[in-house]
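Peer 1: this one's sequence-less:
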(Lines give C-alpha, C1' and ligand atoms only; values in the text may rest on other atoms or scores of the structure.)
Protein backbone atom coordinates (compact mmCIF):
# COMPACT_ATOMS: atom_id res chain seq x y z
CA UNK A 1 0.00 0.00 0.00
CA UNK A 2 1.42 3.44 -0.88
CA UNK A 3 2.42 5.59 2.06
CA UNK A 4 0.90 9.05 2.47
CA UNK A 5 3.77 11.35 3.32
CA UNK A 6 4.51 15.02 3.54
CA UNK A 7 7.42 17.08 2.30
CA UNK A 8 10.83 15.43 2.73
CA UNK A 9 9.18 12.04 3.29
CA UNK A 10 7.70 12.81 6.71
CA UNK A 11 4.88 10.45 7.61
CA UNK A 12 1.48 12.08 8.01
CA UNK A 13 -0.93 10.97 10.73
CA UNK A 14 -3.52 13.57 9.75
CA UNK A 15 -4.01 13.92 5.99
CA UNK A 16 -5.01 17.55 6.39
CA UNK A 17 -1.89 18.54 8.32
CA UNK A 18 0.58 18.42 5.47
CA UNK A 19 -1.81 19.41 2.71
CA UNK A 20 -3.26 22.49 4.36
CA UNK A 21 -0.05 24.32 3.54
CA UNK A 22 0.33 25.63 0.00
CA UNK A 23 2.62 23.21 -1.84
CA UNK A 24 4.85 26.07 -3.01
CA UNK A 25 5.89 26.74 0.62
CA UNK A 26 7.23 23.20 1.07
CA UNK A 27 10.81 23.86 0.10
CA UNK A 28 9.74 26.00 -2.85
CA UNK A 29 8.83 23.09 -5.08
CA UNK A 30 5.30 21.68 -5.36
CA UNK A 31 6.74 18.45 -6.76
CA UNK A 32 8.08 17.60 -3.30
CA UNK A 33 4.52 17.16 -2.09
CA UNK A 34 3.21 15.42 -5.21
CA UNK A 35 6.17 13.04 -5.50
CA UNK A 36 5.16 11.20 -2.36
CA UNK A 37 1.42 11.14 -3.04
CA UNK A 38 -0.21 8.10 -4.58
CA UNK A 39 -1.04 8.78 -8.23
CA UNK A 40 -4.79 8.85 -7.56
CA UNK A 41 -4.40 11.48 -4.84
CA UNK A 42 -1.99 13.61 -6.90
CA UNK A 43 -4.47 13.42 -9.78
CA UNK A 44 -7.36 14.52 -7.51
CA UNK A 45 -5.35 17.51 -6.26
CA UNK A 46 -4.30 18.38 -9.81
CA UNK A 47 -7.87 18.22 -11.06
CA UNK A 48 -9.02 20.51 -8.24
CA UNK A 49 -6.21 22.94 -9.04
CA UNK A 50 -7.29 22.99 -12.69
CA UNK A 51 -10.90 23.59 -11.62
CA UNK A 52 -9.79 26.51 -9.42
CA UNK A 53 -7.84 28.05 -12.30
CA UNK A 54 -10.79 27.64 -14.69
CA UNK A 55 -13.14 29.32 -12.21
CA UNK A 56 -10.79 32.29 -12.00
CA UNK A 57 -10.43 32.52 -15.75
CA UNK A 58 -7.34 31.02 -17.29
CA UNK A 59 -5.53 33.48 -19.56
CA UNK A 60 -2.06 33.90 -20.97
CA UNK A 61 -0.77 35.74 -17.90
CA UNK A 62 -2.66 33.56 -15.38
CA UNK A 63 -2.57 29.81 -15.71
CA UNK A 64 -1.79 28.84 -12.12
CA UNK A 65 -3.23 30.30 -8.90
CA UNK A 66 -0.89 32.63 -7.02
CA UNK A 67 0.39 31.87 -3.53
CA UNK A 68 -1.63 34.74 -2.09
CA UNK A 69 -4.86 33.11 -3.27
CA UNK A 70 -5.08 31.25 0.02
CA UNK A 71 -8.72 30.24 -0.38
CA UNK A 72 -7.60 27.58 -2.86
CA UNK A 73 -5.61 25.72 -0.19
CA UNK A 74 -8.65 24.27 1.65
CA UNK A 75 -10.02 23.00 -1.66
CA UNK A 76 -6.75 21.19 -2.38
CA UNK A 77 -6.69 19.82 1.16
CA UNK A 78 -10.21 18.44 0.69
CA UNK A 79 -9.24 16.82 -2.61
CA UNK A 80 -6.16 15.18 -1.05
CA UNK A 81 -7.92 14.04 2.12
CA UNK A 82 -11.00 12.65 0.37
CA UNK A 83 -8.84 10.79 -2.13
CA UNK A 84 -6.66 9.33 0.64
CA UNK A 85 -9.77 8.25 2.54
CA UNK A 86 -11.33 6.64 -0.53
CA UNK A 87 -8.13 4.67 -1.11
CA UNK A 88 -8.06 3.51 2.50
CA UNK A 89 -4.67 5.08 3.22
CA UNK A 90 -5.81 7.91 5.51
CA UNK A 91 -5.32 7.22 9.20
CA UNK A 92 -8.29 9.39 10.13
CA UNK A 93 -11.69 9.79 8.56
CA UNK A 94 -13.05 13.32 8.27
CA UNK A 95 -15.94 14.92 6.43
CA UNK A 96 -15.41 17.45 3.67
CA UNK A 97 -16.52 20.18 6.06
CA UNK A 98 -14.08 19.06 8.77
CA UNK A 99 -11.17 19.01 6.33
CA UNK A 100 -12.13 22.41 4.89
CA UNK A 101 -12.46 23.91 8.38
CA UNK A 102 -9.12 22.49 9.57
CA UNK A 103 -7.32 23.65 6.44
CA UNK A 104 -8.91 27.11 6.57
CA UNK A 105 -7.94 27.48 10.22
CA UNK A 106 -4.36 26.39 9.49
CA UNK A 107 -4.06 28.91 6.67
CA UNK A 108 -5.66 31.69 8.70
CA UNK A 109 -3.26 31.10 11.62
CA UNK A 110 -0.22 30.91 9.33
CA UNK A 111 -1.25 34.13 7.57
CA UNK A 112 -1.78 35.90 10.90
CA UNK A 113 1.61 34.76 12.21
CA UNK A 114 3.31 35.83 8.98
CA UNK A 115 1.60 39.23 9.11
CA UNK A 116 2.75 39.76 12.72
CA UNK A 117 6.32 38.78 11.81
CA UNK A 118 6.31 41.16 8.83
CA UNK A 119 4.79 44.03 10.83
CA UNK A 120 7.44 43.50 13.51
CA UNK A 121 10.08 43.53 10.76
CA UNK A 122 11.28 40.10 11.87
CA UNK A 123 10.80 38.85 8.33
CA UNK A 124 10.57 40.87 5.16
CA UNK A 125 7.52 40.66 2.92
CA UNK A 126 7.88 38.88 -0.37
CA UNK A 127 7.55 41.12 -3.42
CA UNK A 128 3.91 41.80 -4.23
CA UNK A 129 2.57 40.49 -0.91
CA UNK A 130 0.15 42.73 0.96
CA UNK A 131 1.35 43.56 4.47
CA UNK A 132 -1.77 45.29 5.75
CA UNK A 133 -4.63 43.36 7.26
CA UNK A 134 -7.18 42.28 4.66
CA UNK A 135 -10.87 42.84 5.35
CA UNK A 136 -11.42 39.08 5.60
CA UNK A 137 -9.00 36.20 5.82
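Peer 2: Structure's in. What do you need? Predicted model only: the values in this text are computed from it and were never measured.
Peer 1: any stretches of the chain with poor pLDDT?
Peer 2: Within the chain, the segments meeting pLDDT under 70 span 1-35, 128-137.
Peer 1: hey, which helix is longest across it?
Peer 2: helix 96-119 (DSSP state H).
Peer 1: quick one: list the elements packing against it.
Peer 2: The contact analysis (3 or more CB pairs under 8 Å, 6 or more residues apart in numbering; DSSP states H and E) places helix 96-119 against helix 15-19, helix 72-87. The way it works is simple: take the backbone N, C-alpha and C, and place the C-beta from them, glycine included.
Peer 1: adding distance to residue 49 and mean neighbour count, write the ones you listed out as TSV.
Peer 2: What follows is these, written out as TSV (distance: least, CB to CB, whole Å; neighbours: other CB atoms under 10 Å):
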stretch	distance to residue 49	mean neighbour count
helix 15-19	12	24
helix 72-87	6	22
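Peer 1: angle of the longest helix of the chain against helix 72-87?
Peer 2: Relative orientation of helix 96-119 versus helix 72-87 (axes from the mean of the first three to the mean of the last three CA atoms, to 10 degrees): 140 degrees.
Peer 1: buried sites along helix 96-119?
Peer 2: The neighbour-count check on helix 96-119 (16 or more other CB atoms under 10 Å) flags 99-100, 102-104, 106-107, 110, 115, 118 as buried.
Peer 1: now, which of these sits nearest residue 82?
Peer 2: residue 99 (7.3 Å; CB to CB).
Peer 1: quick one: that closest one and residue 41, what's the gap?
Peer 2: To residue 41, residue 99 is 13 Å away according to CB to CB, to the nearest Å.
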